[in-house]
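> this one's structure only:
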């Protein structure tokens, strides 16, 4: 174990305000530091005397009383500290005004101007205490999650039309140290035709993401993250050549986790030309490859149904189904994405109920060989083109989504309904979310104990498992039916797994009707009456 590092803190000059430095030292003690507090209005000679006798690793100074007085104090400090304290790191905390002065003097390694969250301060302390070199920050998802606890990892995606501008914005994000995970968003040409470049349509270059065309492009994007807090890097999966794409991502960007669906990236959503049965088989092979090679896996499936207005019970069933498949395929570290606000018009109560139902069913699969990580996000489908409305939705949703005790927060920038996010908008959005989470962490109501929520959770779990029973009945009645591609394909063809948004598909009926009633999404008949799963699936039971 490394020896405890020592921090000496003081408010200098005539500044008697000590709340800020005391709070900093309290956080430092919680992180394992030894702390020494000199008090307020500490003169420079007294400070340097303590520095010589105590030999701290870090000196934390605070000053809030104005720019010009601080200039005189720092001039004196710079002059008198020559030749001493070379191995000591100086940091500063103050107002925006005094922090601007502190930056000019090049004395301080870190400056806090009051805009930071408590999490930012703790992460700075952890980095200094546990890692002598920032490049040693954990680069494996489970380790990074443990390092960051009790705070969730912060993820955001980025993919501007060209490699050059994407690299530039990623460098800004890494240097800001505001993200723990940079998620690369390639354009559709890359996702679908990276290994068949002759099929790319040049008119579609940059559509939906960055135009990655070579292995070197991936390496450039990864290299852009090797600074700041050295965030983890992941990338959207390919929509074809799933195993080859998985290998490529592991080799070039040390893919933090793979995100591969079961049913999608096929003729079902037309993101590739693969027929559904072949897609299911290939997707499973991709999941298996990542599991065998130690890459955590997200099966990004259930919210794809929600995006097509599938009813809540089906979405919950699919969450359990895909987690079950992942476990059977050998996945050790499983990421489940909980996309709120999807479809739009769900009430927060019923949204939370749906997510609790998913989580409880997935937790039933957890054992020493299968770990469940929760990732929450707001649903872009319901974001407004008015950025201020989207700011409100983002902050409010992430506040109540914290009930899920997420390990990862997938931030969606407030501008995404208008334009792709750059570093500026991403940083602004993350700050909003961090404040919402910070407030939620202080204590919030237990939504699980609400009678309406609990009633809906149990209803969803019961109906979801009824769907699972029907899937088993399509096969040999055993659990193995759930990992049989033929059974899963048949479930879509028969409409057991169906959604209104699939109308016109050549593989799914798209006949099912759904409607938001009382804040929840139900199957309804022609008259708008709710149809329960036992009634809908009666012929298969």
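Now that the structure is in, tell me what you want to look at. These numbers were taken from a predicted model, which means no experiment stands behind them. Numbering: from 1, shown residues only.
> any idea how this protein splits into domains?
Residue ranges for the domains of the chain, per automatic domain parsing: 6-130, 138-259, 301-377+459-541, 378-443.
> so how far is the first one from its chain's centroid?
The chain centroid and the centroid of domain 6-130 are separated by 32 Å, computed with Cα atoms, centre = their mean, to the nearest Å.
> where are the low-confidence patches of the stretch 201-350 of the chain?
Applying pLDDT under 70 to the stretch 201-350 of the chain picks out no residues at all.
> now the strands: where do they sit in it?
Taking DSSP state E, counting those that start in this stretch, the strands of the stretch 201-350 of the chain run over residues 232-235, 258-259, 297-298, 333-339.
> hang on, residue 432 in a helix?
Yes: counting by DSSP: H, G, I helix; E, B strand; the rest coil, one finds residue 432 located in a helix.
> shouldn't it be in contact with residue 395?
Yes: using Cβ atoms under 8 Å, residue 432 is in contact with residue 395, at 4.9 Å. Every residue, glycine included, has its C-beta placed from N, CA and C.
> leaving out chain neighbours, which residue sits closest to residue 519?
residue 347 (2.6 Å; Cβ to Cβ, 6 or more residues apart in numbering).
> can you give me the end-to-end distance of stretch 409-429?
12 Å (Cα to Cα, to the nearest Å).
> average pLDDT across it?
Here stretch 409-429 scores 96 as its mean pLDDT.
> could you list the buried residues of it?
Neighbour-count burial for stretch 409-429 flags 409-417, 420-423, 425-429 (criterion: 16 or more other Cβ atoms under 10 Å).
> so how far is residue 394 from the residue nearest to residue 519?
Residue 347 sits 18 Å away from residue 394, going by Cβ to Cβ, to the nearest Å.
> run a quick neighbour tally on the nearest residue to residue 533 once chain neighbours are set aside.
If the residues on either side of it in the chain are set aside, residue 533 comes closest to residue 463, at 4.1 Å by Cβ to Cβ, 6+ apart. Neighbourhood size, residue 463 [other Cβ atoms under 10 Å]: 23.
> need phi/psi at residue 463.
Per-residue torsions, residue 463: phi -70, psi -40 (degrees, to the nearest 10).
> could you measure from it over to residue 88?
In terms of Cβ to Cβ, residue 463 sits 63 Å off from residue 88.
> please apply the same query to residue 336.
For residue 336 relative to residue 88 (Cβ to Cβ), the value is 45 Å.
> between the two, who's got more neighbours?
More crowded of residue 336 and residue 88, by other Cβ under 10 Å: residue 336, with 27 against 17.
> isn't the more buried one up against residue 296?
No: judged on Cβ under 8 Å, residue 336 makes no contact with residue 296 at a distance of 11.2 Å.
> list residues touching both of those two?
Here residue 336 and residue 296 share the contacting residues residue 373, scored by Cβ atoms under 8 Å, 6 or more residues apart in numbering.
> does residue 355 lie in a helix or a strand, and which?
If you go by DSSP states H and E, residue 355 is part of helix 348-363.
> quick one, that helix and strand 333-339 angle?
Here helix 348-363 runs at an angle of 160 degrees relative to strand 333-339 (axes from the mean of the first three to the mean of the last three Cα atoms, to 10 degrees).
> give me every residue that touches residue 141.
232, 256-257, 296, 333, 335, 373.
> what's the neighbour count on residue 445?
9.
> that one should be in a strand, yeah?
No: under three-state DSSP, residue 445 sits outside any strand and is assigned coil.
> quick check: the gap between it and residue 102.
41 Å.
> and if you look at residue 516?
Noted for residue 516: a distance of 53 Å to residue 102, by Cβ to Cβ.
> what's the answer for residue 329, then?
Using Cβ to Cβ, we find residue 329 at a distance of 53 Å from residue 102.
> who has more neighbours out of those two?
Per other Cβ under 10 Å, whichever of residue 329 and residue 102 has more neighbours is residue 102, with 24 against 19.
> first-to-last residue distance for stretch 50-66?
Note: stretch 50-66 ends 25 Å apart using Cα to Cα.
> in that stretch, which residues are buried?
In terms of neighbour count (16+ other Cβ under 10 Å), stretch 50-66 has its buried residues at 50-51, 56-65.
> filter these down to just the ones in helices.
50-51 (DSSP state H).
> and the furthest pair within the buried residues of stretch 50-66?
Greatest spatial distance among those (Cβ to Cβ): 57 and 65, at 27.2 Å.
> out of residue 347 and residue 394, which sits in the busier spot?
Shown here are residue 347 and residue 394; by other Cβ under 10 Å, residue 394 has more neighbours (23 against 13).
> immediately after the one helix or strand the more buried one maps to, which helix or strand?
Here residue 394 sits within helix 387-401, counting by DSSP H and E. Of the helices and strands lying after helix 387-401 in sequence (DSSP H and E), the nearest is strand 408-410.
> weakest of the domains of the chain in terms of mean pLDDT?
domain 6-130 (a mean of 89).
> sort out which residues of the helix or strand in which residue 462 is found are buried, please.
Using DSSP H and E, residue 462 falls within helix 451-474. By 16+ other Cβ under 10 Å, the buried positions in helix 451-474 come out as 453, 456-457, 459-461, 463-468, 470-472, 474.
> now for that helix, which elements pack on it?
With contacts taken as 3 or more Cβ pairs under 8 Å, 6 or more residues apart in numbering; DSSP states H and E, helix 451-474 sits against helix 312-328, helix 348-363, helix 485-493, helix 533-536.
> adding mean neighbour count and distance to residue 192, write those helices out as CSV.
Output for the helices and strands packed on helix 451-474, formatted as CSV (neighbours: other Cβ atoms under 10 Å; distance: least, Cβ to Cβ, whole Å):
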stretch, mean neighbour count, distance to residue 192
helix 312-328, 25, 22
helix 348-363, 22, 29
helix 485-493, 19, 21
helix 533-536, 17, 34
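> distance to residue 70 added to these, as TSV?
Below are the helices and strands packed on helix 451-474 laid out as TSV (distance: least, Cβ to Cβ, whole Å):
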stretch	distance to residue 70
helix 312-328	55
helix 348-363	46
helix 485-493	66
helix 533-536	67
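> of these, which is nearest residue 19?
helix 348-363 (35.1 Å).
> so which elements touch that closest one?
So helix 348-363, by 3+ Cβ pairs under 8 Å, 6+ apart, packs with helix 312-328, strand 333-339, strand 371-377, helix 387-401, helix 451-474, strand 520-523.
> residues in contact with the fourth one?
Right, helix 387-401. Helix 387-401 has contacts (Cβ under 8 Å, 6+ apart) with 338, 340-341, 348, 351-352, 355, 376-379, 382-384, 409, 411-412, 414-418, 429, 432-433, 435-437, 439-440, 444, 447.
> taking strand 333-339 as reference, get the angle to that helix.
Between helix 387-401 and strand 333-339, the angle comes out at 130 degrees (the same axes, to 10 degrees).
> which parts of helix 387-401 are buried?
In helix 387-401, counting by 16+ other Cβ under 10 Å, buried: 387, 390-391, 393-395, 397-401.
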